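> Task: produce atomic coordinates for the following.
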Amino acid sequence: MKKRAAALCGAAVVVAGTFTAVPARAGGAYATGPTWKECGTADYPTLQCASLEVPLDHADPGGRKITLALSRVPHTAKTFQGPLLVNPGGPGGSGLKLAGFVASALPRAVAAQYDVIGFDPRGVGAGKPALNCAPGHFDPVRAASVPATTAVEQAGLTRAKSFADACGTKYARELPHMNTLSSARDMDRIRRALGAPRINYFGYSYGTYLGAVYAKLHPDRVRRMVLDSVVDPTGVWYDDNLAQDSAFGDRHRAFMTWVAEHDASYRLGTDPEKVEAKWYAMRTALDKRPAGGTVGAAELEDTFLPGGYYNGYWPYLAEAFAAYVGEKDPGPLIEAYEDFGAADAAAENGYSVYTAVQCRDAGWPRDWRQWRKDNWAVHAKAPFMTWNNAWYNAPCAFWPTASLRPVDVANTKLPPVLLFQATHDAATPYQGGAAVHRLLRGSSLVVEKNGGNHGITLSGNTCLDEHLAAYLTDGTVPRGRGEADAQCAAPPGPKPLVAKAGGQSRGSTLHRLLGFRG
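Got it, this is the predicted structure:
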């Protein structure tokens, strides 16, 4: 979660007026639910907001309560297919504005048949409490990520342990209940509050694991389910992060190749390996002398990480790269850091929830020697993000709560589930989609061949979106004979910027809402 992305995920602007839900029906009683207040924005004028109390501990439903923030774009068609819950991933991502985006990006006739429901999972955003373990944890300039010396490694360990200790001190009561199982049970509380016998669900990234866990708990309460950019549930979470590192290394090299192909614009050379060497030389230089006193080596990695999620950012990152290396001008790099890499309070909240959930969800090595061995091995082949990602997750080595076991999401009781996966996705590598396709009997997998973005539906690929619309309209799924049931070609790559003015593409809007790191 980064500064601008996190800001877009924040609570919607509230405007005057209230709206109370009226009863409707979708295969059963759909009782009067939460009291909805209008909270429309210029982009999503029909958005409504509400709150819902849920137990902190679902094993003690009469005990302490916490509050979830909800959003909704109500259905307008006579044909009503019930609520469609949406989640942007993370863990730690806010889903409030995602409801508005999904409702506006789907074909109008399809969106009109659903109440599109966004929510801030427990601990997130507009919910109460909203976790922020250690304000300023990402303030620049941090020590370099790559622990080339014992002193650098020790600084990283001290920082990671300090964050874990701060979470344990500040949220001792909450941390045992920050996990995917608890969030899935919250989703069922949302279903009950809406009076719906079953839910429809649309999750991106980590949201795919959340959806699969919900489906494991309540297969009879799932009507339709879309999982886009699928987490590998067999690697939750330590192994999944190591797999990410290799995939991000490949994605960064693809970016360097793109920069070399557009040498006329960037003047960094036509040999991708030499262009890549210039990037690493830039990282070394910034470690010694941070740009503007704010962009050191770690901040540079934070800035370029979003390019691994979405190639629509490549032209902006390439301009910053070229300006710093070719023109000795740090200004565009500092601007890119502020846009893509700097963390505000919303990002700090997202990170606090991310660590709280991932550290609790599954076991992590408590012996740092294991981390050191594994990450140096991956770094040897993928030096772009391996150590940055290791330190991002390192508080789990010191986490103050015991860990749960990952959920076995294998399921034979679901209606057809529709999966979307790009073959070169870095954040959730392809094997995750293939694994879940095998684990969810009757599911269908739609593959974006040669695609590298993370979060691929409603992002400009008409072929993918046609499969999505057909499924949400009447449950139609493709059926193929290979590992994939259908394939769609990846859209063309980006072009260098002609001018910086102009509106955002739909893909850019989505990826700002999804954020990074999840």
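> ok, how many other residues are close to residue 439?
Residues near residue 439, counting by other C-beta atoms under 10 Å, number 17. For the C-beta atoms, the positions are set from N, CA and C on the backbone; glycine is no exception.
> actually residue 219, not the one I wrote
14.
> the helices in the stretch 101-250 of the chain, which residues?
With helices called from DSSP state H, counting those that start in this stretch, the stretch 101-250 of the chain shows them at 108-111, 150-170, 180-194, 206-217, 238-261.
> Reformat these as a markdown table; add mean pLDDT.
Formatted as a markdown table, those follow (pLDDT from 0 to 100):
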| stretch | mean pLDDT |
| --- | --- |
| helix 108-111 | 98 |
| helix 150-170 | 98 |
| helix 180-194 | 98 |
| helix 206-217 | 98 |
| helix 238-261 | 98 |
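> Among these, which comes closest to residue 277?
Smallest distance to residue 277 across these (C-beta to C-beta): 9.2 Å, for helix 238-261.
> buried sites along the closest one?
238, 240-256, 258-260 (16 or more other C-beta atoms under 10 Å).
> Ok, stretch 449-459 next?
Quick answer for stretch 449-459 (16+ other C-beta under 10 Å): 451, 452, 453, 454, 455, 456, 457, 458, 459.
> go on, stretch 177-184?
For stretch 177-184, a neighbour-count test (16+ other C-beta under 10 Å) marks 177, 178, 179, 180, 181, 182, 183, 184 as buried.
> Next: stretch 69-87.
Quick answer for stretch 69-87 (16+ other C-beta under 10 Å): 69-75, 80-87.
> from the residues you listed, which ones fall inside helices?
Among those, none falls in helices (DSSP state H).
> one step back: so which of the buried residues of stretch 177-184 comes closest to residue 160?
Of those, the one sitting nearest to residue 160 (C-beta to C-beta) turns out to be residue 178, at 17.7 Å.
> What distance do you get for the closest one to residue 270?
As judged by C-beta to C-beta, to the nearest Å, residue 178 and residue 270 stand 49 Å apart.
> any idea of the pLDDT on residue 12?
As predicted, residue 12 sits at a pLDDT of 29.
> Flag the helix or strand of the chain with the lowest per-element mean pLDDT.
Here the helix or strand of the chain ranked lowest by mean pLDDT, DSSP states H and E is strand 18-20, holding a mean of 29.
> so which of the helices of the stretch 101-250 of the chain comes closest to residue 397?
Closest to residue 397 of the helices of the stretch 101-250 of the chain is helix 150-170 (C-beta to C-beta; 6.7 Å).
> Test my guess that residue 132 contacts residue 350.
No: the pair residue 132 and residue 350 does not pass the contact test of C-beta atoms under 8 Å, sitting 9.6 Å apart.
> for the helix or strand harbouring residue 390, packing partners?
Using DSSP states H and E, residue 390 falls within helix 386-393. Packing partners of helix 386-393 (3 or more C-beta pairs under 8 Å, 6 or more residues apart in numbering; DSSP states H and E): helix 150-170, helix 238-261, helix 297-304, helix 345-361, helix 368-379.
> Compare those helices and report which one is nearest to residue 196.
With C-beta to C-beta as the criterion, residue 196 lies closest to helix 345-361 of those, at 25.2 Å.
> Just the mean pLDDT for the closest one, thanks.
pLDDT averaged over helix 345-361 gives 98.
> which residues touch residue 247?
Shown in contact with residue 247 (C-beta atoms under 8 Å, 6 or more residues apart in numbering): 424, 425, 426, 427, 429.
> Relative to residue 258, how far out is it?
For residue 247, the distance to residue 258 - C-beta to C-beta - is 17 Å.
> Equivalent analysis for residue 190, please.
Residue 190 is 41 Å from residue 258, by C-beta to C-beta.
> likewise residue 228?
Distance, residue 228 to residue 258, using C-beta to C-beta: 24 Å.
> picking up where we left off before, next secondary structure after the helix holding residue 390?
strand 418-422.
> Tell me which residues touch the closest residue to residue 95 other than its chain neighbours, please.
Leaving aside its chain neighbours, residue 95 sits nearest to residue 118 (4.0 Å; criterion: C-beta to C-beta, 6 or more residues apart in numbering). Residues in contact with residue 118 (C-beta under 8 Å, 6+ apart) are 70, 71, 72, 85, 86, 95, 96, 97, 98, 99, 100.
> Fine by me, thanks again.
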